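**Q** sequence? don't have it. structure:
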């Protein structure tokens, strides 16, 4: 999946679930700066980070990546 498309999906799911960037980053154990870079598409989330984001948002990685 293209990085920018994944970034947009992460942001959309975060907003849909009612999380702020700060709340999601804290739940995932990553810094706010890293989450912001991922959501802007400037940084690629590794598989472990994607799994943690999906877990906190209560969705599957498959839903997140749209595969």
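**A** That came through fine. What you see is a predicted model; the values in this text were computed from it and never measured.

**Q** who's sitting farthest from the centroid in this structure?
**A** residue 67 (15.3 Å; Cα atoms, centre = their mean).

**Q** Is it correct that residue 65 is in contact with residue 8?
**A** No: in this structure residue 65 lies outside contact range of residue 8 using Cβ atoms under 8 Å: 12.0 Å. In short, each C-beta sits where N, CA and C put it, glycine included.

**Q** about what we covered before: any figure for the gap between the residue farthest from the centre of the chain and residue 27?
**A** Using Cβ to Cβ, to the nearest Å, residue 67 is found at 23 Å from residue 27.

**Q** Pull the contacting residues for residue 61.
**A** Contacts for residue 61 (Cβ atoms under 8 Å, 6 or more residues apart in numbering) come out as 50-51, 54.

**Q** Now do the strands in this protein.
**A** With strands called from DSSP state E, the chain shows none.

**Q** what residue is smack in the middle of it?
**A** Note: the chain centre (Cα atoms, centre = their mean) maps to residue 10, 4.0 Å.

**Q** How about the helix or strand bottoming out on mean pLDDT in the chain, which residues are buried there?
**A** Every helix and strand of the chain was ranked by mean pLDDT, DSSP states H and E. The lowest is helix 61-65, at a mean of 92. Residues of helix 61-65 classed as buried: residue 64 (neighbour count, 16 or more other Cβ atoms under 10 Å).

**Q** List just the nearest of the contacts of residue 61 to residue 60.
**A** residue 54 (6.0 Å; Cβ to Cβ).
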